[in-house]
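Need the 3D shape of this:
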Amino acid sequence: MTTRQGGVSQGGYSSLNLGRSVGDDPAAVAENRRRVGEAIGATPVFLKQMHGTRVIRLTAAHAVPGIEPEQADASISLDPALACAVMAADCMPVLFAAPGGVGAAHAGWRGLSGGVLENTVLALCEATGSEPGAVQAWMGPCIGPSVFEVGADVLQAFGVTPKQEDQLHFRFQPNAAGEPRWRADLVGLARQRLQALGLTEIHGGHWCTYSEPSRFFSYRWEQSQGHAGGRMAAVIRRL
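Okay, the predicted model is just below:
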């Protein structure tokens, strides 16, 4: 998992911004991505993330230099030369490892409620012949439950009623204008779904991007400050 450090970008993108669509110098982003590839020892395949649930299986065609990234929010790979990569800056990146393959998913609330984690685990199990119990998951930094404010539409997306909020990782907290709002726990929601799939080895999820802006890129924090920011990435390869 990358942080802000270790790259060549300047200003609000300082320094390891990996996002090509946030206004940063393309040459700096290219160098930053090269460094990530060098560190992991494989070609990281980035996606055109849409806050959806589509999963792709990586092939050599996805790693052709200059090719337009495929629209998807998760990928799996059985090839040690191709690393799965998802970007984030408040949404949760989740990495998966199974015997014979790996995967990565971009799980904001839209993708999480839509089933992106379930789709990724299913695709990885089908590709490797593994059972969900053999899959390990790692949850990366994301916006934490003390600051992630959401509206009733998010509860509805998860099929949660206000009476269920305390048991299902939502905490009621009206905003300054007295409007009904909730604080959502992405880590708790993700863990609940992964456990329901049969995963027992679930790790990570201890870091809040919004609360550590000097260490992590955070879209919501940077918006509150009125300036642009970059993107981090969670990357995994099969050995």
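
next one: stretch 126-134 to chain centre, how far?
Chain-centre distance of stretch 126-134: 21 Å, with C-alpha atoms, centre = their mean, to the nearest Å.

What's the end-to-end length of it?
Stretch 126-134 has its terminal residues 12 Å apart, counting by C-alpha to C-alpha, to the nearest Å.

What are the buried residues along it?
Within stretch 126-134, the residues that count as buried by 16 or more other C-beta atoms under 10 Å are 127, 128, 130, 132, 134. Any C-beta I mention is one placed from the backbone N, CA and C, and that applies to glycine too.

helices and strands of this protein: which one bottoms out on pLDDT?
strand 170-172 (a mean of 89; mean pLDDT, DSSP states H and E).

Sheet partners, orientation included, of that strand?
Take DSSP bridges as the rule and strand 170-172 pairs in its sheet with strand 182-184 (antiparallel).

Report the mean confidence score over the strand it pairs with.
Averaging pLDDT along strand 182-184 yields 93.

try stretch 110-129
98.

coming back round to it: and for the least confident helix or strand of the chain, what's in contact with it?
By C-beta atoms under 8 Å, 6 or more residues apart in numbering, the residues outside strand 170-172 that reach it are 145, 150, 154-155, 158, 160, 162, 165, 180-185.

Going through the residues you listed, which ones are buried?
Buried by 16+ other C-beta under 10 Å: 145, 150, 154, 155, 158, 160, 165, 181, 182, 183, 184, 185, out of those.

With only the CA atoms kept, save the longest helix seen in the chain in CSV.
Ranked by number of residues, the top helix in the chain under DSSP state H is helix 26-40. In CSV, the C-alpha atoms belonging to helix 26-40 read as follows (Å, rounded to 0.1, in the frame of the first residue of the first chain):
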residue,chain,number,x,y,z
PRO,A,26,1.6,13.3,-16.4
ALA,A,27,5.4,12.8,-16.4
ALA,A,28,5.4,12.8,-12.7
VAL,A,29,2.6,10.3,-12.4
ALA,A,30,4.3,8.0,-14.9
GLU,A,31,7.5,8.1,-12.9
ASN,A,32,5.6,7.5,-9.7
ARG,A,33,3.9,4.4,-11.3
ARG,A,34,7.2,3.2,-12.5
ARG,A,35,8.5,3.3,-9.0
VAL,A,36,5.6,1.3,-7.7
GLY,A,37,6.2,-1.3,-10.4
GLU,A,38,9.9,-1.5,-9.5
ALA,A,39,9.1,-1.9,-5.8
ILE,A,40,6.6,-4.8,-6.3
